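A.B. asks: how does the following fold in three dimensions:
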Amino acid sequence: MHQIALFEAKNKLSGLLDKVAVGEEFIITRHGKAVARLGPIQPAFDRAKAKQAAKMLLELRKGVTLGGLSIKELVNEGRP
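C.D. replies: Sure thing, here's the model as predicted:
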């Protein structure tokens, strides 16, 4: 992540936005102190994609067993 002073960011905003569009992030500083972050917008939650991923996980687990153990036993085994 790059740092850039506020004055310079104002003068180069168009160029900075071009860089942000391809994934770069910038910290904008005022008098040497970080005051803002300029970065790409995160895509909105895609419910259809999440449902497809859940379906795929359910398909992958078919036929997989715990070898006679229960989830509770496995969880307790990892606890001190």
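
A.B. asks: from E73, how far out is E59?
C.D. replies: E59 sits 25 Å away from E73, going by Cβ to Cβ, to the nearest Å. From N, CA and C alone the C-beta is placed, and that goes for glycine too.

A.B. asks: what does A21 give?
C.D. replies: 50 Å.

A.B. asks: likewise T65?
C.D. replies: T65 is 13 Å from E73, where distance means Cβ to Cβ.

A.B. asks: return the helix or strand in the protein with minimum mean pLDDT.
C.D. replies: helix 71-77 (a mean of 87; mean pLDDT, DSSP states H and E).

A.B. asks: then that one to CSV, C-alphas only?
C.D. replies: Taking C-alpha atoms only, helix 71-77 is exported to CSV below (Å, rounded to 0.1, in the frame of the first residue of the first chain):
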residue,chain,number,x,y,z
ILE,A,71,-18.0,-34.2,15.7
LYS,A,72,-18.2,-33.6,19.4
GLU,A,73,-15.4,-36.0,20.0
LEU,A,74,-13.2,-34.3,17.4
VAL,A,75,-13.9,-30.9,18.9
ASN,A,76,-13.1,-32.1,22.4
GLU,A,77,-9.9,-33.8,21.2
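
A.B. asks: what's it in contact with?
C.D. replies: Residues outside helix 71-77 that contact it (Cβ atoms under 8 Å, 6 or more residues apart in numbering): L66.

A.B. asks: all strands for this protein, in order.
C.D. replies: 2-5, 26-30, 33-38 (DSSP state E).
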